[in-house]
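K.L.:
Mind looking at a prediction? Sequence and model below.
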Amino acid sequence: MPVTTFDFPEKYRYQTGFDSHLESEAVPDSLPIGQNSPQKPPHGLYAEKLSGTSFTAPRHDNRQAWLYRILPSCAHAPFGPAITSIAEKQENGGGGENGVQSSPKLHYIPNQLRWDPFDHDQSKTLDFVSGQRLVAGAGDPTLKQGIGIYVYAAGKDMEDRSAFYSADGDLLIVPQEGTLDIRTEFGYLLVRPMEICVIPRGVKYHVSLPSGSARGYALELYQGHFKLPELGPIGTNGLANERDFQAPVAAFDEDFGATAQEGPHSYTITVKFDNTYFQAHQSHTPFDVVAWHGNYYPVKYDLGRFNTVGTISYDHPDPSIFTVLTAPSGVPGAAIADFVIFPPRWLVAEDTFRPPYFHRNTMSEFMGLITGDYDAKRAGRGGFVPGGASLHNTMSGHGPDAASSEGARNAELRPAKVGTGSCAFMFESCAMVGVTDWGLRTCSKVQERYAEESWGGVPVHWKRPDGVSKGAHLLK
Ligand SMILES: O=C(O)Cc1cc(O)ccc1O
Ligand SMILES: [Fe+2]
């Protein structure tokens with residue numbers, strides 16, 4: 001059989017909508033009309049359903065897609081152990097045998113943590129999958145509960161004729177440097193810094209790097225799916241609008257033999273399954289979906305389109321007003337993962353301490369910086385820097401550092417634009433977040449004096465109304 005690649009000039013043309021029911025066909029009349037499973041689907045295609053929720057999930061949660069493809073996904077040789085487990089990949093020495101639970105050990109610690117920028121892949125030996133490192137997480141993918149927080153650094157494309165999928169969850173990718181050219185079963189997504197994308201659980205993809213290297217952050221959702229936050233009194237528009245989410249259009253290759261196992265080339269399919277990597281081979285391309293429809297599909301979003309709202313009177317609103325996407329935990333109002341951004345915005349609040357307030361939170365806050373700097377944190381070397389991160393875990397006190405706090409107390413409160421040319425983000429979770437050995441030690445990026453340098457110098461301003469100070473300095 002000849003190997004051809006259809007040349008799709010519209011490779012990066014998208015259709016729009018978040019959790020919409022979309023459909024796309026790369027060849028006209030490939031989608032059956034009025035039914036999903038005709039006796040013989042059009043053009044000799046196979047119909048295959050991809051279920052992102054149980055069949056019986058309530059309508060507003062239900063996520064399913066129908067794929068019309070040249071060969072069904074089941075036609076592959078058995079999976080065997082691949083690179084090993086996440087634990088081994090991270091040089092933790094953890095065991096990762098075929099089928100053995102091998103999530104890395106997580107350290108739950110109350111200290112505030114901040115990381116210098118994570119290393120690039122200078123060696124050019126890591127691709128988007130092998131270049132991922134689990135920094136922190138909570139829960140367990142086998143129970144479909146919790147999250148994994150990753151950083152990635154890649155210096156090469158994934159191998160030709162390879163694809164990856166995660167059975168563990170949906171992956172929210174936040175590129176910090178370098179463009180990701182993501183070929184998915186549903187079509188292509190080009191994702192650049194200041195854009196994000198979500199690849200749903202089970203969707204196969206291949207990542208190449210047009211810019212040669214890439215670095216960024218990712219959050220894997222072991223439970224449920226991201227939604228747009230409720231808008232409440234904000235009304236019908238605002239924050240991230242549905243129409244700004246972009247989904248691929250169908251695109252496919254033809255590379256197969258007369259039967260599923262007689263193709264001319266071998267494709268490697270890698271799956272992350274309970275944080276353990278398995279590989280299987282098949283002799284037909286996994287990117288053979290000619291048409292699809294449904295509401296379970298990968299999507300990208302340009303953070304520059306976020307419609308930021310804030311106070312126009314006084315006080316510092318909670319950062320929940322900056323929520324781009326939220327993944328419910330099951331407890332009303334408590335997210336297992338919120339994705340929150342801090343975009344450029346005007347601050348106009350009167351008689352207000354304008355930076356993020358001093359804070360202890362039952363939710364844990366993992367922050368990263370895509371570009372620029374974050375108000376209330378020291379920028380530059382040793383500070384909160386693009387490509388670095390911080391974690392303020394459940395009930396761990398944090399807030400503006402001493403210099404920012406003093407500056408804000410004394411600032412003249414004119415309207416001021418903050419965050420120009422910058423974007424920080426937060427993965428906020430109702431779970432207590434544990435840190436991996438890699439995150440605590442192996443990466444060697446933890447700033448040992450973060451808390452001391454940030455808050456050790458916070459001055460006492462307390463004045464007793466009676467004018468008598470009992471400060472220790474007076475007792476000496
Ligand atoms: O800790 C942080 O920097 C995140 C944050 C920002 C904000 O504006 C208010 C509260 C909060 O936790
Ligand atoms: Fe906070």
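P.N.:
Now that the structure is in, tell me what you want to look at. Ligands and ions are numbered 1, 2, ... in the order given.

K.L.:
Run through the stretch 101-250 of the chain and note the low-pLDDT ranges.
P.N.:
Applying pLDDT under 70 to the stretch 101-250 of the chain flags residues 101-102.

K.L.:
if I look at residue 183, how far off is residue 171?
P.N.:
15 Å (Cβ to Cβ, to the nearest Å). All C-beta spots, glycine's among them, are computed from the backbone N, C-alpha and C.

K.L.:
out of these two, which sits in the busier spot?
P.N.:
Regarding residue 183 and residue 171, a neighbour count based on other Cβ atoms under 10 Å identifies residue 171 as having more, with 24 against 21.

K.L.:
Show me what from the protein comes close to ligand 1.
P.N.:
Contact residues (Cβ under 6 Å from any ligand atom) of the chain with ligand 1: 319, 356-357, 359, 365, 392, 398, 426.

K.L.:
The residues you listed in strands, which ones?
P.N.:
Per DSSP state E, strands hold the following members of these: 365, 392, 426.

K.L.:
As a markdown table, these with neighbour count, pLDDT and distance to residue 336 would be great.
P.N.:
Supplementary listing: those in a markdown table, determined by neighbours: other Cβ atoms under 10 Å; pLDDT from 0 to 100; distance: Cβ to Cβ, whole Å:
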| residue | neighbour count | pLDDT | distance to residue 336 |
| --- | --- | --- | --- |
| 365 | 23 | 98 | 14 |
| 392 | 25 | 98 | 17 |
| 426 | 21 | 98 | 14 |
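
K.L.:
Surely residue 325 and residue 340 touch.
P.N.:
No. Residue 325 lies out of contact with residue 340 (Cβ atoms under 8 Å); the separation is 9.0 Å.

K.L.:
quick one: which of the two has more around it?
P.N.:
Summary of the neighbour comparison: residue 325 and residue 340, criterion other Cβ under 10 Å, with residue 325 having more neighbours (26 against 23).

K.L.:
beta partners of the more buried one?
P.N.:
Note on residue 325: beta-bridge partners residue 339, judged by DSSP bridges.

K.L.:
Ok, the one 10 residues further on next?
P.N.:
As for beta bridges, residue 335 partners with residue 328 under DSSP bridges.

K.L.:
Show the contacting residues for it.
P.N.:
Going by Cβ atoms under 8 Å, 6 or more residues apart in numbering, residue 335 touches 326-329, 363, 428-430.

K.L.:
quick one: residue 33 from residue 250, how far?
P.N.:
Using Cβ to Cβ, one gets 16 Å for the distance from residue 33 to residue 250.

K.L.:
who's more crowded, the two?
P.N.:
residue 250 (24 against 7).

K.L.:
distance of the more buried one from residue 23?
P.N.:
Distance from residue 250 to residue 23, counting by Cβ to Cβ: 9 Å.

K.L.:
Give me the common contacts of these two.
P.N.:
A shared contact of residue 250 and residue 23, defined by Cβ under 8 Å, 6+ apart, is any residue touching both; here these are 291-292.

K.L.:
Isn't residue 115 up against residue 446?
P.N.:
Yes. The pair formed by residue 115 and residue 446 meets the contact definition of Cβ under 8 Å, at 5.9 Å.

K.L.:
show me the contacts for the closest residue to ligand 2 within the stretch 51-200 of the chain.
P.N.:
Of the residues in the stretch 51-200 of the chain, the one nearest ligand 2 is residue 112, at a distance of 10.2 Å by Cβ to the ion. Going by Cβ under 8 Å, 6+ apart, residue 112 touches 390-393, 396-398, 450-451, 454.

K.L.:
In the contacts of residue 335, which residue is surrounded by the most others?
P.N.:
Across the contacts of residue 335, the neighbour count under other Cβ under 10 Å reaches its highest value at residue 429, namely 28 neighbours.

K.L.:
Who is residue 25 paired with across the strands?
P.N.:
Applying DSSP bridges to residue 25 gives these bridge partners: residue 291.

K.L.:
Verify the contact between it and residue 32 for me.
P.N.:
No. Checked against Cβ under 8 Å, the pair residue 25 and residue 32 is beyond contact range at 10.5 Å.

K.L.:
which residues are in contact with both of those two?
P.N.:
Looking at what touches both residue 25 and residue 32 (by Cβ under 8 Å, 6+ apart), the common residues are residue 68.

K.L.:
just the strands in the stretch 251-400 of the chain please.
P.N.:
The residue ranges that make up the strands of the stretch 251-400 of the chain, judged by DSSP state E, counting those that start in this stretch, are 253-254, 267-273, 276-282, 289-294, 299-302, 323-328, 335-342, 345-347, 364-371, 389-392.

K.L.:
what would the ones you listed look like in TSV with distance to ligand 2?
P.N.:
Shown next, in TSV, are the strands of the stretch 251-400 of the chain (distance: least, Cβ to the ion, whole Å):
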stretch	distance to ligand 2
strand 253-254	46
strand 267-273	30
strand 276-282	34
strand 289-294	37
strand 299-302	23
strand 323-328	14
strand 335-342	10
strand 345-347	17
strand 364-371	5
strand 389-392	6
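
K.L.:
Relative to residue 147, which of those is closest?
P.N.:
For the strands of the stretch 251-400 of the chain, the distance to residue 147 is smallest for strand 335-342, at 5.2 Å, taking Cβ to Cβ.

K.L.:
Quick one, grab the pLDDT at the closest residue to ligand 1 within the chain.
P.N.:
For the chain, the residue positioned closest to ligand 1 under Cβ to the nearest ligand atom is residue 356, at a distance of 3.3 Å. Residue 356 is assigned 96 on the pLDDT scale.

K.L.:
Could I get the contacting residues of it?
P.N.:
By Cβ under 8 Å, 6+ apart, the residues touching residue 356 are 316, 319, 375-376, 399-400.

K.L.:
Between those residues, which has the least confident prediction?
P.N.:
Lowest pLDDT within these is found at residue 375 (83).

K.L.:
Tell me the spacing between it and residue 411.
P.N.:
On the measure of Cβ to Cβ, residue 375 and residue 411 end up 11 Å apart.

K.L.:
more crowded one of the two?
P.N.:
Between residue 375 and residue 411, counted using other Cβ under 10 Å, residue 375 has the larger neighbour count: 21 against 13.
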